[in-house]
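Novice: Here's a sequence, model it:
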Amino acid sequence: MTETPYILAALPQLEDDEFARAVILVIQHDEEGAFGFMLNKPFVNQDEVSTQLVAEIQDAEGATLLEFEEPLFKGGPVKEEMVFLMHTSTEHGDEEGEITNGVWITADTEVFQDLLTRDDPTVRHSFFMGCTSWEETQLEDEIRNGAWIMIPYSDKNLFQKPPEDSAAWSEDMWSDALRSAGVDPLTLMTQGQNDFGPN
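Specialist: Have a look, this model is predicted:
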């Protein structure tokens, strides 16, 4: 089992459209695989050039449970129909959803509702649509093949609010993540397209 959480940054040779220049928070990594969320891929409303999007959560019958307008991140291509909330509310934290001390993940819409209506400035949160996962040994193989670099956990990139120019913001987060690992992205040469990427 690999100690989590940790940060995963795509190396320049990873040219998969989904994960190129991605920064991922990996919250689980064991013999069954790995699981996490992309931190620097906000959804963008191209018509309004904004990362503030309206998300609607529905129940199994299609009835609206909750509608909110918040920055919404693409967590990954797995479970794309699900919205996840990363938060720092000790009141709503539980052992099962704990990422690290003081940070939790949940898909409970009642928690969404409570945190959004309470608007507590001391509680930080981010919404993700979908998540990222790898099957057993898949991530290890991709790291070995030069797709990713593992970086020690830091909360620096958590709970950020992307600006309107989110493309530059996303690129900056990726570059900073590599530099924090002692890697200069400008000196790395792209080695051609590789078919790497999580499920």
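Novice: Now the element after the helix or strand of the chain with the lowest mean pLDDT, going C-ward?
Specialist: When the helices and strands of the chain are compared on mean pLDDT, DSSP states H and E, strand 52-58 comes out lowest with a mean of 63. On the C-terminal side of strand 52-58, the closest following helix or strand by DSSP states H and E is strand 64-74.
Novice: Which elements pack onto that following strand?
Specialist: Judged by 3 or more C-beta pairs under 8 Å, 6 or more residues apart in numbering; DSSP states H and E, strand 64-74 is in contact with strand 33-38, strand 52-58, helix 109-118, strand 125-135. Where you see a C-beta, it was placed from the backbone N, CA and C, and this is true even at glycine.
Novice: helices or strands up against the last one?
Specialist: Read it as strand 125-135. strand 33-38, strand 64-74, strand 78-87.
Novice: I'd like the average pLDDT over it.
Specialist: For strand 125-135, mean pLDDT rounds to 95.
Novice: Would you list the strands that that strand pairs with, along with their directions?
Specialist: Strand 125-135 has these partner strands in its sheet, going by DSSP bridges: strand 33-38 (antiparallel), strand 64-74 (parallel), strand 78-87 (antiparallel).
Novice: okay, those, which one's buried deepest?
Specialist: strand 33-38 (a mean of 23; mean count of other C-beta atoms under 10 Å).
Novice: What lies in contact with that one?
Specialist: Contacts with strand 33-38, where a contact means C-beta atoms under 8 Å, 6 or more residues apart in numbering, come from 2, 5, 8, 19, 22-29, 73-76, 84, 86, 105, 128, 131-136, 138-139.
Novice: where are the low-confidence patches of this protein?
Specialist: 1, 45-60, 65, 188-199 (pLDDT under 70).
Novice: rerun at 80
Specialist: 1, 44-69, 119, 164, 186-199 (pLDDT under 80).
Novice: which helix is the longest one in the chain?
Specialist: helix 166-180 (DSSP state H).
Novice: Buried ones in that helix, by neighbour count?
Specialist: 166, 169-170, 173-175, 177-178 (16 or more other C-beta atoms under 10 Å).
Novice: before we move on, the earlier item: so which of the strands paired with strand 125-135 comes closest to residue 150?
Specialist: With C-beta to C-beta, the closest approach to residue 150 among the strands paired with strand 125-135 belongs to strand 33-38: 10.7 Å.
Novice: got the angle between that closest one and helix 166-180?
Specialist: 130 degrees (axes from the mean of the first three to the mean of the last three C-alpha atoms, to 10 degrees).
Novice: CA atoms only for strand 33-38, dumped as PDB, please.
Specialist: Extracted in PDB, the C-alpha atoms of strand 33-38 (Å, rounded to 0.1, in the frame of the first residue of the first chain):
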ATOM      1  CA  GLY A  33      -5.700   0.300  -7.500                       C
ATOM      2  CA  ALA A  34      -5.700   4.000  -6.900                       C
ATOM      3  CA  PHE A  35      -8.300   6.800  -6.700                       C
ATOM      4  CA  GLY A  36      -8.300  10.600  -6.700                       C
ATOM      5  CA  PHE A  37      -9.400  13.900  -8.200                       C
ATOM      6  CA  MET A  38      -7.900  16.300 -10.700                       C
END
